[in-house]
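# Here's a sequence, model it:
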Amino acid sequence: MPVTPEAGLRRDASLPIFLYFGSSTILLLLVAPDGSWLDVATAYMLQTKLHASAPEVSGFRLLTGIPIYIGFLFGLVRDLWSPFGLRDSGYLRLFSVITALVLAALAVLDVQYATLFFGVLLVSVCTRFLLAAQQGLMGLVAQEHLMSGRMAALFSACYFIPLILGALFAGVAVDLFSPKAQFLTLAAVALLVGVFGIWKPKSVFDHTYELPEAQGMDLLGDLRRLFQDRASLAAVAMIFLWQFAPGLQTVMQFHLTEHLGASESAFGYWTAIYYVSFLPGVIGYGYICKRVPFGKLGTWAILASAPLNFVLPSLTTPEQLMWFAIPLGLSGGAAFAALYDIAIRACPPGLHGALMMAVAGGNQLGWRAGDAFGTWIYAAGGSHGFLYASIGTAITSGAAPLFLALAPRSLLVTRDGEPLH
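Presented below is the predicted three-dimensional model:
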């Protein structure tokens, strides 16, 4: 979409913007089921306390993620409804409290499949509203300040920090802390998210909702624009394909423990190393995006990670897999930042919540569907199950850049900081 000349007048306040969106992203992803902490913790509870199988764990993840997959509906609500007349601040205040109450309820109830399922499902619903507000506002501010690449890099770095911390803590907590302690800690973090509904830095909120980028239509008009916009469709399809990674979640967890004899906490450590390694790639993308047009940078950033998945089946010890998580994560960081760069660039006016949540839904649907498909391959493939799952990851992630052909030329030829002509 074209960016108005007025946007260029507001590019001098990046530090408060980065602080606001960076810190809120970290807290939100610590609480949300699509972050590592709650996800890995419940996976361990299912495996160790309820003796669930790999397909049962992946099925739990797939079904409790339903609100995430249809996240664009929560984004549409954000774009059209203003709770208490406070816009995004109202969402952050209201749903942080509800999320905390649900997590507190999980803390006092016995660990049973049904309890975990409905509790995590409710947390998924509540955090969709929180993320719709935070990411919709983030996309809007990034467009108005001509900083989609830098904001995507910041978001990606802060996205993976809670995944790293959550994976590490969940891996340790399975041995040291009770489920009650973990749920109560998460409830406290959820309450902290509400602070961002009270804190309103001028560089983020001053006239933000009055500029042309923020103006939408009615419900039917917005739906029509969203589904007819080729760049929006490309952004969702690309992140779905790249995240459709059959070999990198439940399959990796069971491959480490069942085939390679690693401890139950090994998957948490592998996940943490993998996500830590994203950070240099993300930082590099944030630096280069102001110097290289998005089309060229995005294509190579996304393609670089695909071939490495062919190497995974040749690694025969947990230590080798831990070391190889580093190059796999380095390439993945740049790819993830590029995928969110195109998402922010593609947001139609007034539909930032809807598209950013559609991308978040495509992100998690790809991850969960790929996970479910991977566990099926793993179970059916016998001794070659991990090999087949890794090949599938390489193929789908490598196909993602093909959808850049749907994006208009203006999104591909401009660098970060340049208006889209």
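
# mind listing what the nearest residue to F278 once chain neighbours are set aside touches?
What sits nearest to F278 in space, not counting adjacent residues and going by Cβ to Cβ, 6 or more residues apart in numbering, is G333, at 3.4 Å. (C-beta placed from N, C-alpha, C; glycine too.) Contacts here follow Cβ atoms under 8 Å, 6 or more residues apart in numbering; on that basis G333 touches S156, F160, S277, F278, L279, P280, G281, V282, I283, G284, Y285.

# what about G333, which helix or strand?
Taking DSSP states H and E as the definition, G333 sits inside helix 318-346.

# ok, then the element right after that helix?
Moving toward the C-terminus from helix 318-346, the next element (DSSP H and E) is helix 352-380.

# Helix 318-346 and the following helix or strand past that next one, what's the angle between them?
Once helix 352-380 ends, the next helix or strand along the chain (criterion: DSSP H and E) is helix 385-399. When axes from the mean of the first three to the mean of the last three Cα atoms, to 10 degrees is applied, the directions of helix 385-399 and helix 318-346 differ by 30 degrees.

# related to what we said a few turns ago, Serialize the contacts of G333 to a markdown table and add fields for distance to H145 and secondary structure.
What follows is the contacts of G333, written out as a markdown table (distance: Cβ to Cβ, whole Å; DSSP: H, G, I helix; E, B strand; the rest coil):
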| residue | distance to H145 | secondary structure |
| --- | --- | --- |
| S156 | 17 | helix |
| F160 | 23 | helix |
| S277 | 29 | coil |
| F278 | 24 | helix |
| L279 | 23 | helix |
| P280 | 25 | helix |
| G281 | 23 | helix |
| V282 | 19 | helix |
| I283 | 19 | helix |
| G284 | 21 | helix |
| Y285 | 18 | helix |
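
# Of those residues, just the buried ones, ChimeraX syntax please.
For anyone working in ChimeraX, the buried entries among the contacts of G333, judged by 16 or more other Cβ atoms under 10 Å, can be selected with:
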select :156,160,277,278,279,281,282,283,284,285
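
# list the contacts for the closest residue to P327 other than its chain neighbours?
Nearest-residue entry for P327: L308, 6.1 Å, with adjacent residues in sequence omitted and distances by Cβ to Cβ, 6+ apart. With contact taken as Cβ under 8 Å, 6+ apart, L308 is in contact with F324, P327, L328, S331, A394.

# now L308, what's its secondary structure?
In three-state terms, and counting by DSSP: H, G, I helix; E, B strand; the rest coil, L308 is helix.

# Ok, G216 next?
When states are read from three-state DSSP, the local structure at G216 comes out as coil.

# what about it, distance to G85?
Distance of G216 to G85, given as Cβ to Cβ, to the nearest Å: 17 Å.

# again, but for L321
Here the criterion is Cβ to Cβ. By it, L321 lies 52 Å from G85.

# and what of P212?
Computed with Cβ to Cβ, the distance linking P212 and G85 is 22 Å.

# which one of the two has more residues nearby?
When neighbours are counted by other Cβ atoms under 10 Å, P212 comes out ahead of the other of P212 and G85, with 14 against 7.

# Report whether the expected contact of that one with P349 is present.
Yes: here P212 reaches P349: they are 6.3 Å apart, a contact under Cβ atoms under 8 Å.

# where does this structure have low pLDDT?
Counting by pLDDT under 70, the chain has low-confidence residues at 1-13, 36, 166-175, 421.

# what angle sits between the longest helix seen in it and helix 352-380?
In the chain, assigned by DSSP state H, the helix with the most residues is helix 113-144. Here the directions of helix 113-144 and helix 352-380 differ by 130 degrees (the same axes, to 10 degrees).

# got the buried residues for helix 113-144?
Within helix 113-144, the residues that count as buried by 16+ other Cβ under 10 Å are 116, 119-144.

# same thing with stretch 384-396?
By neighbour count on 16+ other Cβ under 10 Å, the buried set for stretch 384-396 is G385, F386, L387, Y388, A389, S390, I391, G392, T393, A394, T396.

# With stretch 82-97 instead?
Along stretch 82-97, the positions that meet the burial threshold by neighbour count (16+ other Cβ under 10 Å) are P83, L86, R87, D88, S89, G90, Y91, L92, R93, L94, F95, S96.

# between those, which is nearest S24?
Proximity of those to S24 (Cβ to Cβ) peaks at L92, which lies at 8.0 Å.

# How much space separates that closest one from Q112?
Taking Cβ to Cβ as the criterion, L92 is separated from Q112 by 31 Å.

# Over to R230?
When distances are taken as Cβ to Cβ, R230 and Q112 turn out to be 46 Å apart.

# list the contacts for L62?
Contact partners of L62, counting by Cβ under 8 Å, 6+ apart, are R368, A369, D371, A372.

# Sorry, wrong one. I was asking about F310.
For F310, the contacting residues are S390, I391, A394, taking Cβ under 8 Å, 6+ apart as the criterion.

# What separation do you get for the second one and R368?
When Cβ to Cβ is the yardstick, I391 and R368 sit 20 Å from each other.

# same deal with M151?
Taking Cβ to Cβ, one finds M151 at 26 Å from R368.

# how about Q112, phi and psi?
In this entry, Q112 is assigned phi and psi values of phi -130, psi 160 (degrees, to the nearest 10).
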